[in-house]
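here is a sequence with its predicted model. Questions after.
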Amino acid sequence: MESTKEIKKNSFPRSFWTANLTELFERGAYYAMASFVVLYLGQLGFGDYWPSNLNGILWALVYFLPILSGTIADQIGFKKSLLIAFVLLAIGYFTMGYPVWFGGYTLNHTVESSMTAGTGILFPVILAIVIIGIGGSIIKPCISGTVQKTAGARATLGFGIFYMVINIGSLFGRGVSFIMRKQFDLSYIFAVSVFFSIIAFFAVLLFYTDPEKEFGHTEADKKPKKSIFRILADMILVLKNLRFAMFLLVSSGFFFIYSQVYNVLPLYLKKVVELDPAVDLITMANPFVIVFFQLLITKKFGKMKPINSIIVGIVIIGISMVINLIPIFMSGGVRTLTLGEFIPLGSLFIILTVALIAFGELFTSARTYEYIGALAPKGQEGLFLGYANLPMAIGALIGGPAGAFIFNEIMCKNAVKLDSGLLELNTFWNSMGWFILMGIGFASAFSMWIYNRWLKNNPV
């Protein structure tokens, strides 16, 4: 068995690189379809609200269930867990495309307001969302756990590589998805997701080894297994901590706004700006910014206090929403073609919005883990960090229906439907929707500042 000292000195082991390769394909699969879920469901006849509601549930499952699935993965081993997860994901993505491929249903050209989907569409879609949510929740703790166990003394570098791979996979998935949906139809984004899931399955099957086995650890080296009762008891312990529970609540505001990249922005593009928006290419701005600016932001602002960095990130994400007022008041409006008559002005500003959200993420995401580590009671840092994804789950769960409400009831109030099928929005109500999204971001930043002052005034 290798000593800890030897592991630190050696290069990253095979399981580290296999885990990162697997994550690349898993993120490619997820983001191949993520940008279009609300539009796909809308074109299947789910109406104004159910697409965003179901999308919010999907994201919430992916980010909440690792609390349970991570513990189960520790018990049965990462390799078995990953194989099960990719089987589930392949089945889930296939089931999402099933109504169009084999169910005899066709996608509407536009997203209509009324709910027309019958049980033949409802059942497979809901089943698919549950299966994808469960499968995706298993992946996260297995891959991040592998990186943690194999990086040794170079954990910072290991997680830096891991974070870079996530965003490369995101770019890759979106690019392949664009080619497939243009070649065939929108439903084939799920074919891309199935394909990537199958590749990931075989990568794990053929090349991945559990870190414990690779390092020759014995059963005695393993942590004691947790029962379901212990998991629930830990959850109560964590959430009973008022300081931590309040942090989860105030930080979820960032992820509420972040979730609108996959709720409000696609609807705005499809129903207001252009009939066939390249949402996959537009949302590429997020991973692009992270890949190319992560090191620069870390170098320039890495010494900023975590709470200040988090607040800056939330303010940026609030600003990212309000810049969409600019094309509304420009001559010609949001549908004016720009950049060589290639892209509507509204779409260009949505790209800038997504890019700014990515900058906000660079200031916020990594520093959140650092802040939680400092917030947790001594000796319980690992337990509390296991709940670090809860704000994303809360933000997504609330952000889905709330985003649909802001778009349909506020932005689209007094809208006029054009002959093209697009909506001509009332300038006042359109602006009000973007102001509300910005206001939620600013309110979240202010509440984070108030929360931090409360912590200082009420030390443990």
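Thanks, I have it. Just so it is clear, the structure is predicted and the values come from calculations on it, not from any experiment.

so how far is the first residue of stretch 40-51 from its last?
By C-alpha to C-alpha, to the nearest Å, the extent of stretch 40-51 from end to end equals 8 Å.

contacts for that stretch, please.
33, 37-39, 54-55, 96, 99-100, 105, 107-117, 121, 125, 186-187, 189, 267, 270, 401, 404-405, 408 (C-beta atoms under 8 Å, 6 or more residues apart in numbering). Placement of C-beta: from N, CA and C, glycine included.

just the buried residues of these.
33, 37-39, 54-55, 96, 99-100, 105, 107, 110-112, 117, 121, 125, 186-187, 189, 267, 270, 401, 404, 408 (16 or more other C-beta atoms under 10 Å).

what sits against L345?
327, 330, 332-338.

same question, G332
Contacts of G332 (C-beta under 8 Å, 6+ apart): L345.

same check on E424?
415-418.

A443: which of those residues is nearest?
The closest of the contacts of E424 to A443 turns out to be A415 (C-beta to C-beta; 26.5 Å).

just give the nearest non-adjacent residue to the closest one, would you?
L423 (4.4 Å; C-beta to C-beta, 6 or more residues apart in numbering).

specify the beta-bridge partners of that neighbour.
K417 (DSSP bridges).

how deep is it tucked in, by neighbour count?
For L423, the count of nearby residues is 19 (other C-beta atoms under 10 Å).

from N430, how far out is it?
Distance, L423 to N430, using C-beta to C-beta, to the nearest Å: 10 Å.

what touches both of those two?
V272.

not counting sequence-adjacent ones, nearest residue to S114?
S114 sits nearest to G47 (C-beta to C-beta, 6+ apart), 5.6 Å away.

cool, and S187?
V100 (3.9 Å).

after the helix or strand hosting that neighbour, next one along is what?
Secondary structure from DSSP states H and E places V100 in helix 78-101. Downstream of helix 78-101, the next assigned helix or strand under DSSP H and E is helix 119-151.

quick one: which of the contacts of E424 has the most company?
Going by other C-beta under 10 Å, A415 tops the contacts of E424 with 17 neighbours.

surely that one is in contact with F428?
No: the pair A415 and F428 does not pass the contact test of C-beta atoms under 8 Å, sitting 11.5 Å apart.

and for I328, the neighbour number?
I328, neighbours per other C-beta under 10 Å, totals 17.

any idea how far it is from A402?
I328 is 22 Å from A402, by C-beta to C-beta.

re the thing from before, closest to A151 among the contacts of E424?
For the contacts of E424, the nearest to A151 is A415 (51.7 Å; C-beta to C-beta).

hmm, back to that, distance between the helix holding V100 and the chain's centre?
18 Å (C-alpha atoms, centre = their mean, to the nearest Å).

buried ones in it?
78-79, 81-86, 88-100.

same question for it, mean pLDDT?
In this model, helix 78-101 has a mean pLDDT of 97.

likewise for stretch 46-65?
96.

likewise for stretch 26-43?
For stretch 26-43, the mean confidence score works out to 96.

run the angle between the strand or helix carrying Y31 and helix 119-151 for me.
According to DSSP H and E, Y31 maps onto helix 14-34. Taking axes from the mean of the first three to the mean of the last three C-alpha atoms, to 10 degrees, one finds that helix 14-34 is oriented at 150 degrees with respect to helix 119-151.

tell me the helices and strands packed up against helix 14-34.
Using 3 or more C-beta pairs under 8 Å, 6 or more residues apart in numbering; DSSP states H and E as the contact test, the elements touching helix 14-34 are helix 78-101, helix 119-151, helix 155-183, helix 189-207, helix 211-214.

now render those as JSON lines, adding distance to W59.
Below are the helices and strands packed on helix 14-34 laid out as JSON lines (distance: least, C-beta to C-beta, whole Å):
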{"stretch": "helix 78-101", "distance to W59": "14"}
{"stretch": "helix 119-151", "distance to W59": "8"}
{"stretch": "helix 155-183", "distance to W59": "15"}
{"stretch": "helix 189-207", "distance to W59": "15"}
{"stretch": "helix 211-214", "distance to W59": "28"}
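
the ones you listed: which one's closest to N286?
So among the helices and strands packed on helix 14-34, helix 155-183 is nearest, using C-beta to C-beta, at 7.3 Å.

avg pLDDT for the closest one?
90.

and for stretch 130-146?
93.

and the contacts of it?
Contacts for stretch 130-146 (C-beta under 8 Å, 6+ apart): 15-16, 19-20, 22-23, 26, 30, 57-58, 60-66, 68-70, 72-74, 78, 81-82, 84-89, 91-93, 95-96, 162, 211, 389.

just to revisit the earlier point, what residues sit buried inside the helix holding Y31?
Buried residues in helix 14-34, counting neighbours by 16+ other C-beta under 10 Å, are found at 15-34.
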